[in-house]
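Trainee: Please find the sequence and the predicted model below.
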Amino acid sequence: MTQVDHTRMANAIRGLAMDAVEKAKSGHPGLPMGAADVATVLFTQFLKFDAADPAWPDRDRFVLSAGHGSMLLYSLLYLTGNKDMPLDQLKHFRQLGSLTPGHPENFHTKGIETTTGPLGQGISTAVGMAVAEKMLAAEFGKKIVNHHTYVLASDGDLMEGVSQEAIALAGHWRLNKMIVLYDDNGISIDGPTSLADSVDQVKRFKSAGWAAELINGQDQKAIADAITRAQKSSKPTLIACKTTIGYGAPTKAGTNKVHGEALGADELKGAKEKLGISLEPFSVPDDVLKAWREAGVRGAAERQEWEARYAELGSRKRAEFERRLRHERPASLAKALKGHKKALLENPLNVATRKSSEAAIEVIAAAMPMEFLAGSADLTGSNNNKAKSAVNFSAKTPKGRFVHYGIREHGMAAAMNGIFLHGGFAPNGATFLVFTDYARPAMRLAALMGTGVVYVMTHDSIGLGEDGPTHQPVEHLSALRAIPNMRVFRPCDAVEVAECWELALNRIDGPTVLALTRQNLPQLRTTAPADSPCSHGAYELVAAQGDAKVSFFASGSEVQIAVDAQKQLAERGIPSRVVSAPSLELLLAQPEDRKKAIIGNAPVKIAIEAAVRWGWDAVIGQDGEFIGMHGFGASAPAKDLFKHFGITAEAAVNAALKRVG
């Protein structure tokens, strides 16, 4: 191994970060400069990785929760020899089309485990990665799965509320393979963190069941000793690393002036001279680069040893492991759900869609018992997403496949992202639809990253009744549909529920919401063709007798209202049709000819949904009729509410008669 002083290796990170931010005239140089010593010790002495194979299954995971310090991570990828991060990419930091965007994007740049930037998300997502590691290790053995999840977090990460949800879960589950390196520099954008915060983070983490200590984050030996202790701990560990933000900058170090802006030519020159770094932009001494590249291949031997152990597994076990990491569903799933739909047609299930979802889950869990990973934010009995066979996951039962997240919707959604990104599981999490408000930042990141997670969101409208407007979602369907790459399904009966579950589980390039009712609904479907009608977003459920003068479009519980309205119009001699639209955005994404065929050419178009109108004009037009909500709900039995707010078959019929003339 090339013998190079630790400080010179850390200074390579500092120099590259300063130069990249200066060239872009945009970015955050302070964190990479301050945390360079921590990163150098971790990557050269502890992190198990192979730069030549950044997706090796048993690698340690490194999450830069402080995503604003992205040049730290990009510098490390370049220095360790990741072939997808040449020096030229650092020179194009924050430029269109580069692999070095302002914040790390795992879907864009190889070697990045998760997308970070919104503070608190990285540490919370990492909890899910540590959960997945613990579960897979219990299932496949520690010879195959045995790695750590490291997080570099900032003051801001720990101020965000979701971090409390995350660390409470990690401590409760004793995720001892999770090690958080806290860049404790005492500075945020506005100035000293003392302006707004006086929390003792070491005590805070200890109270949540973590091992925690404070060290000098600029002391190589102190950092190494602390990580060594953390690796031996029976608890997750916080290492608060006291650092100086912008370390080396002659006048700006230790101030907010180095947090989120380029140093400027004079400060940059002064910092380089003080640190002994070449004034030539983006230059790394040959011996330093060689030492870093040796660190990048240090894990190759461990990877090869792992591959030898993996080869000793039986062929069926290997095939199962690889299938799971690919997120490929077992053939038994399609067969099981086909049988389930056949049984529903023979014996209709007239129940709430949360209950028909429960029936589907029983079938799914039997078909994929070890990878189907459900959970709830303390509403298990209401969400109905726990299979009868499911065992609770806990520190002592890592093979459990139901997760009690507590009242932590945001932490749940973030952990689900980490579970999916780690690989091996098909995670779903449940709460009431209205509480997607608490989970939205992690849900948005799921859509951005393309994680195939499923949100089981029950109590989907005023139909939940007496709990009233605080719990009745009105704008939520529209808000979720507005998120790019978020798929929302609101099935109308048990058959649609089964189809939507199958579509959700087979979607591995983005998240899916299943919006389900509290109130009972009749089973309307009488067929279950192999080409799932729900896969088109909408389909004609009831055809018109003759040329349709009216098309009714509805989702979920309002499809029954549309069917009743269609019957009443038929009695008046007015032909109309009913289109069930479980996924409005999926309908709008269909090829133009199919979309037009589904929407049809009836002169009167009426949408019925117990929610706000936003989004429906793309189907019914601005002059279309809408039967739905125009404000918040109220506390009363569901039947009274639908009548009170005019979401009835009679209202739909009157709207049609007004237009048909």
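Mentor: Perfect, thanks for sending it.

Trainee: so Arg94 is in which element?
Mentor: Per DSSP states H and E, Arg94 falls between elements, in no helix or strand.

Trainee: That one: neighbour count?
Mentor: Here the neighbour count serves as a burial measure; for Arg94 (other Cβ atoms under 10 Å) it reads 18. Bear in mind the C-beta positions are built from the backbone N, C-alpha and C, glycine included.

Trainee: residues contacting it?
Mentor: Contacts of Arg94 were listed using Cβ atoms under 8 Å, 6 or more residues apart in numbering, and they are Ala24, Ser26, Gly27, Thr100, Pro101, Gly102.

Trainee: ok, the closest residue to the third one other than its chain neighbours to Arg303 distance?
Mentor: Residue nearest to Gly27 in three dimensions, not counting chain neighbours: Val21, with 3.6 Å by Cβ to Cβ, 6 or more residues apart in numbering. For Val21, the distance to Arg303 (Cβ to Cβ, to the nearest Å) stands at 33 Å.

Trainee: ok, the two, which is more surrounded?
Mentor: Using other Cβ under 10 Å as the criterion, Val21 and Arg303 rank with Val21 on top: 26 against 19.

Trainee: Let me know the distance separating the more buried one from Val63.
Mentor: When distance is defined by Cβ to Cβ, Val21 is 21 Å away from Val63.

Trainee: Please list only the buried members of the contacts of Arg94.
Mentor: By the neighbour-count criterion of 16 or more other Cβ atoms under 10 Å, these include these buried positions: Ala24, Gly27, Thr100, Pro101, Gly102.

Trainee: contacting residues for the last one?
Mentor: Neighbour list for Gly102: Ser26, Gly27, His68, Ser70, Arg94, Gly117 [criterion: Cβ under 8 Å, 6+ apart].

Trainee: any idea whether it is helix, strand or coil?
Mentor: Under DSSP: H, G, I helix; E, B strand; the rest coil, the three-state class of Gly102 is coil.

Trainee: Quick check: which ranges of the protein have low pLDDT?
Mentor: Under the criterion of pLDDT under 70, the regions of the chain flagged as low confidence span 1.

Trainee: Put the alpha carbons of the host helix or strand of Leu181 into PDB.
Mentor: When secondary structure is defined by DSSP H and E, Leu181 falls within strand 178-184. Coordinates of each C-alpha in strand 178-184 appear next as PDB, following Å, rounded to 0.1, in the frame of the first residue of the first chain:
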ATOM      1  CA  MET A 178     -26.200   1.400  11.700                       C
ATOM      2  CA  ILE A 179     -23.600   4.000  12.500                       C
ATOM      3  CA  VAL A 180     -24.300   7.700  12.200                       C
ATOM      4  CA  LEU A 181     -21.400  10.100  11.900                       C
ATOM      5  CA  TYR A 182     -22.700  13.500  12.800                       C
ATOM      6  CA  ASP A 183     -20.900  16.400  11.400                       C
ATOM      7  CA  ASP A 184     -21.200  18.600  14.500                       C
END
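
Trainee: quick one: buried residues of the helix or strand containing Ala271?
Mentor: Element membership of Ala271 [criterion: DSSP H and E] is helix 265-275. Burial within helix 265-275, assessed by neighbour count using 16+ other Cβ under 10 Å, is assigned to Glu267, Leu268, Gly270, Ala271, Lys272, Leu275.

Trainee: any idea how far the first one is from Val258?
Mentor: To tie it back to what came earlier, the one meant is Glu267. 8 Å.
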